[in-house]
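Novice: no sequence for this one, just the structure:
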């Protein structure tokens with residue numbers, strides 16, 4: 001039987017006001033596949049890296065795409081890169097350049 005890894009719930013939930021603000025900004029759709037749900041918020045820069053729950057650090061992803069942000073690169077990881085003006089670049093990366101820094105580590 002195949003085991004699936006469940007995403008752990010955050011110990012401190014994102015405040016409802018910010019959650020609804022980000023969902024509305026993203027049109028209540030996943031920013032990658034445009035699915036309507038189930039939707040989750042993704043921290044572009046992780047809380048463990050000292051980032052917070054500001055809307056500029058959050059974007060809406062469906063559960064499937066959110067899980068892809070933690071996949072091994074060989075299976076196709078969804079990499080989210082912040083851009084100026086509160087925009088984001090999303091791309092599926094299947095292989096890392098051995099001389100490039102790991103985008104997930106930054």
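Specialist: In hand now; what should we look at? It should be emphasised that the depicted structure is a prediction, and the values quoted were computed from it without experimental measurement.

Novice: Run through who's touching stretch 33-52.
Specialist: The set of residues external to stretch 33-52 that reach it, using CB atoms under 8 Å, 6 or more residues apart in numbering, is 7, 10, 14, 19, 22-23, 28-30, 53, 57-66, 69, 80-82, 88. Glycine gets a C-beta too; all of them are placed from N, C-alpha and C.

Novice: per-residue confidence averaged over that stretch?
Specialist: Confidence for stretch 33-52, expressed as mean pLDDT, is 86.

Novice: longest helix of the protein?
Specialist: Of all segments of type helix in the chain, defined using DSSP state H, the longest is helix 16-25.

Novice: Show me what that helix is packed against.
Specialist: Identification of packing neighbours for helix 16-25 by 3 or more CB pairs under 8 Å, 6 or more residues apart in numbering; DSSP states H and E yields strand 39-43, strand 58-62.

Novice: what does the next helix-or-strand element following the last one contact?
Specialist: By that I understand strand 58-62. Where DSSP states H and E defines the elements, the next helix or strand beyond strand 58-62 is helix 63-68. With contacts defined as CB under 8 Å, 6+ apart, helix 63-68 is touched by 5, 7, 30, 32-33, 35, 38-40, 42, 76-78, 92.
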